[in-house]
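Participant: Need the 3D shape of this:
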Amino acid sequence: MWHAVIWLAAALVLASAEVLSGEFVLLMLGGGALAAGVGAVLGLDVVGSALVFVIASVLLVFAVRPPLRRRLDRATANAGALHSNALIGKTAVVVSRVDDHNGQVKIGGDLWTARPLEAGHTIEVGQTVIVMKISGATALVVPED
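Facilitator: Sure, this is the predicted structure:
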């Protein structure tokens, strides 16, 4: 029964360590350790628990992890692109003078670093602008006519 506690502790440690890696390998190994811990609680000896760990871990790493990674990668890629693209064409209000070196605008309640779309232009506080492009975390804007 002592090995059940070790397997369950290992499952907790591996699942917690997954937060640092983000690759889902440690989470899958944690799932294998959890399965081994449950097996130990149900009466498996150390060798049986180790066998359950290996089989469960291999199945999780090769059967569950790939679709999970694809789904996460797809969701992550879409989230950033959708948010940035949704801002193009929106109006914003200048809250800090916008020039080639600094400036801020408020877009839908969010504060963004801003630069004029065309170098050399200055846009004063209070003016309404249109977001033409997003470059990283900076909105490139033009004054609204």
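
Participant: OK, contacts around Leu60?
Facilitator: Contacts for Leu60 were tallied using Cβ atoms under 8 Å, 6 or more residues apart in numbering; they are Met28, Leu29, Gly31, Gly32. Yep, even glycine has a C-beta here, placed from its N, CA and C like the rest.

Participant: Please report how far it lies from Pro66.
Facilitator: Taking Cβ to Cβ, to the nearest Å as the measure, Leu60 falls 11 Å from Pro66.

Participant: Ok, Val98 next?
Facilitator: Separation of Val98 from Pro66 (Cβ to Cβ) stands at 46 Å.

Participant: More neighbours: those two, which one.
Facilitator: When neighbours are counted by other Cβ atoms under 10 Å, Val98 and Pro66 differ, and Val98 comes out ahead with 27 against 11.

Participant: Looking at the nearest residue to that one once chain neighbours are set aside now. What's its pLDDT?
Facilitator: Setting aside the residues directly before and after it, Val98 is nearest to Ile123 in space (Cβ to Cβ, 6 or more residues apart in numbering), at 4.1 Å. Per-residue pLDDT puts Ile123 at 95.

Participant: Ile123 and Pro143 touch, don't they?
Facilitator: Yes: contact between Ile123 and Pro143 holds when scored by Cβ atoms under 8 Å: they sit 5.6 Å apart.

Participant: quick one: common contacting residues for these two?
Facilitator: The contact lists of Ile123 and Pro143 share Val129, where a contact means Cβ under 8 Å, 6+ apart.

Participant: more crowded one of the two?
Facilitator: Taking Ile123 and Pro143 together and counting by other Cβ under 10 Å, Ile123 has the greater number of neighbours (21 against 16).

Participant: Okay, that one and Asp99: tell me how far apart.
Facilitator: Using Cβ to Cβ, Ile123 is found at 8 Å from Asp99.

Participant: Quick check: neighbours shared by these two?
Facilitator: Common contact partners of Ile123 and Asp99 (Cβ under 8 Å, 6+ apart): Pro116.

Participant: in stretch 15-26, what counts as buried?
Facilitator: The neighbour-count criterion (16 or more other Cβ atoms under 10 Å) identifies Ala15, Glu18, Phe24, Val25, Leu26 as the buried residues of stretch 15-26.

Participant: what about the closest residue to Phe24 other than its chain neighbours, distance to Asp99?
Facilitator: Nearest residue to Phe24, sequence neighbours excluded (Cβ to Cβ, 6+ apart): Arg65, at 4.9 Å. When distances are taken as Cβ to Cβ, Arg65 and Asp99 turn out to be 49 Å apart.
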